[in-house]
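>>> what's the 3D shape of this:
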Amino acid sequence: MLKGERLVSGYGNTQVLRSLSFDLGAHEILGIIGINGMGKTTLLKTVMGLLPVEGGRIVLDGVAIEALPAHQRSRLGFSYTPQGGAGFPGLTVKENLLLAGMMPGAGKAKPIDEILRLFPRLEMLLARPSGALSGGERQLLALARAMVRSPRLLLLDELTEGIQPSVTDEIAECLSSIHRLEKTAMIIADQDLSFVASLVARALVVQKGEIVAERNPTELLADSVFEAD
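So this is what the prediction gives:
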């Protein structure tokens, strides 16, 4: 489905990704793990088109897309959920979901009741301003907003950062349901190895902007997970 080939990217004169390559199968959930500053967020932003590709290619179904801006990748079905969630704090949860249906995307907007089946906790929060939500609830809203337009690829950045374990488990359950029901492909960048291991068949270890190892769920929970092969 999606390949990154020798990707080089970063911020201004600061190069972060250094000839990084990866592949993502159709309907696969792929983990990206590594300590802070190693390039996880940079990789997701580069795939989404929020950072320019300075070298290498991004290939979707055999077609190079690295020159496309973010809004065009949204129309191809890409959706990026940043750390801390996203949305409009002055709008209610329901208004945020309705607005998400007006944003660029590949699919027809889902009705709210269909979204609530994927994210049942949000039903009792529909009238609440999103700025009044807890961190975990904001993250669930961000995921719900991302799913409104039925993306084919979710790019999920540090969903568990600062989130209590019970909500982390709920987020994992929601993602499992999405994958089972929608067949949505995902790239999950996170430091919570238990969370990643519960969702993926494999994860790539990033160090200093390069992929240095691949790990299965059992290996993700080992002490040596960040050691290269």
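>>> now the strands for this protein?
2-11, 14-24, 29-33, 55-60, 63-64, 78-81, 153-157, 185-189, 202-207, 210-215 (DSSP state E).
>>> geometric centre of this structure: which residue is closest?
Leu156 (1.6 Å; CA atoms, centre = their mean).
>>> about what we covered before: could I get the strands of the chain as JSON lines with mean pLDDT and distance to Leu125?
Every residue, glycine included, has its C-beta placed from N, CA and C. Putting the strands of the chain into JSON lines (pLDDT from 0 to 100; distance: least, CB to CB, whole Å) gives the following:
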{"stretch": "strand 2-11", "mean pLDDT": "96", "distance to Leu125": "33"}
{"stretch": "strand 14-24", "mean pLDDT": "95", "distance to Leu125": "32"}
{"stretch": "strand 29-33", "mean pLDDT": "97", "distance to Leu125": "26"}
{"stretch": "strand 55-60", "mean pLDDT": "96", "distance to Leu125": "35"}
{"stretch": "strand 63-64", "mean pLDDT": "96", "distance to Leu125": "40"}
{"stretch": "strand 78-81", "mean pLDDT": "92", "distance to Leu125": "18"}
{"stretch": "strand 153-157", "mean pLDDT": "96", "distance to Leu125": "21"}
{"stretch": "strand 185-189", "mean pLDDT": "97", "distance to Leu125": "24"}
{"stretch": "strand 202-207", "mean pLDDT": "95", "distance to Leu125": "32"}
{"stretch": "strand 210-215", "mean pLDDT": "93", "distance to Leu125": "36"}
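>>> for Gly131, which of those strands is the nearest?
Relative to Gly131, the nearest member of the strands of the chain by CB to CB is strand 78-81, separated by 17.6 Å.
>>> tell me which strands the closest one pairs with, and in which orientation.
strand 153-157 (parallel) (DSSP bridges).
>>> shaky segments in the protein?
86, 104-107, 223-229 (pLDDT under 70).
>>> output the lengthiest helix in it in CSV with nothing but the alpha carbons.
In terms of residue count, the longest helix belonging to the chain (DSSP state H) is helix 165-182. Taking Å, rounded to 0.1, in the frame of the first residue of the first chain, the C-alpha atoms of helix 165-182 are listed here in CSV:
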residue,chain,number,x,y,z
PRO,A,165,-3.9,3.7,31.9
SER,A,166,-7.6,3.1,31.9
VAL,A,167,-8.2,5.5,29.0
THR,A,168,-5.1,4.2,27.2
ASP,A,169,-6.8,0.8,27.3
GLU,A,170,-10.0,2.4,26.0
ILE,A,171,-8.1,4.0,23.1
ALA,A,172,-6.6,0.6,22.2
GLU,A,173,-10.0,-1.0,22.2
CYS,A,174,-11.4,1.8,19.9
LEU,A,175,-8.5,1.3,17.5
SER,A,176,-9.0,-2.4,17.5
SER,A,177,-12.7,-2.0,16.7
ILE,A,178,-11.8,0.5,13.9
HIS,A,179,-9.3,-1.9,12.4
ARG,A,180,-11.8,-4.8,12.6
LEU,A,181,-14.8,-3.0,11.3
GLU,A,182,-13.2,-0.4,8.9
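>>> on that earlier part again, who does the closest residue to the residue nearest to the centre of the chain other than its chain neighbours bridge with?
Nearest residue to Leu156 in three dimensions, chain neighbours excluded: Ile188, at 4.8 Å (CB to CB, 6 or more residues apart in numbering). Per DSSP bridges, the residues bridged to Ile188 are Gly31, Leu156.
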